[in-house]
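> Give me the fold of what follows.
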Amino acid sequence: MNMHAHRQLPPSARDAAIARATRQSLSRFEAADQPLTLRVTDGQQEAPIELPAGAVAMLLDILDAMAAGRGVTLIPENAELTTVQAAEVLNVSRPFLIGLLEENVIKHRKVGTHRRIRMEDVMAYKAQIDQERDGVLDRLVEEAEDEDYGYQRP
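Prediction:
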């Protein structure tokens, strides 16, 4: 299966400023959760385009990342990743990821001697560890409150 990923490296300062201004202009449409019609102009030509609500939300996320100076990679959910790509998504080393695969923590399949991991499975694992991390942090805050270390929940 071909992945058709798109990667945008970190933006220049000028592009980050444009992203910030565009994000600010579009932010009033964020809560609408409806399609958005934009007028695109190029020279003397003008054409309306309609963006689905999901694309608007994704565009706002992309603009947020660019405004903060971060690069963005879009990967379709049905894509199959190599171990290198999956490790990059999870921000772990390839050997660590292979350990997870060998322990069947993350589902995968073999193509010859190569492992392929579905993007959905990578994201499910990421959501699981994020949830576990949040639970640990909550417990630490509770302990700090119980011991009166000066931490209080907002």
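> can we go C-alpha only for contacts and neighbour counts from here?
OK.
> wait, L38 sits on E46?
No: assessed by Cα atoms under 8 Å, L38 is found out of contact with E46, at 10.2 Å.
> Let me know the pLDDT of Q44.
You'll see Q44 listed with a pLDDT of 83.
> Kindly apply the preceding question to D138 instead.
If you check D138, the pLDDT there is 88.
> tell me the contacts of it?
By Cα atoms under 8 Å, 6 or more residues apart in numbering, the contact list for D138 is empty.
> domain parsing for this structure?
Annotated domains of the chain cover 6-74, 75-154 [automatic domain parsing].
> List the residues that contact V40.
Contacts of V40 by Cα under 8 Å, 6+ apart are E46, A47, P48, I49.
> ditto for T82
Applying Cα under 8 Å, 6+ apart, the residues near T82 are H114, R115, R116, I117.
> Going by distance to D61, which of those residues wins?
Of all the contacts of T82, I117 has the smallest distance to D61: 24.8 Å, by Cα to Cα.
> before we move on, back to that, nearest to R23, of the contacts of T82?
Using Cα to Cα, those come closest to R23 at I117, 33.2 Å.
> Tell me how many other residues surround the closest one.
21 (other Cα atoms under 10 Å).
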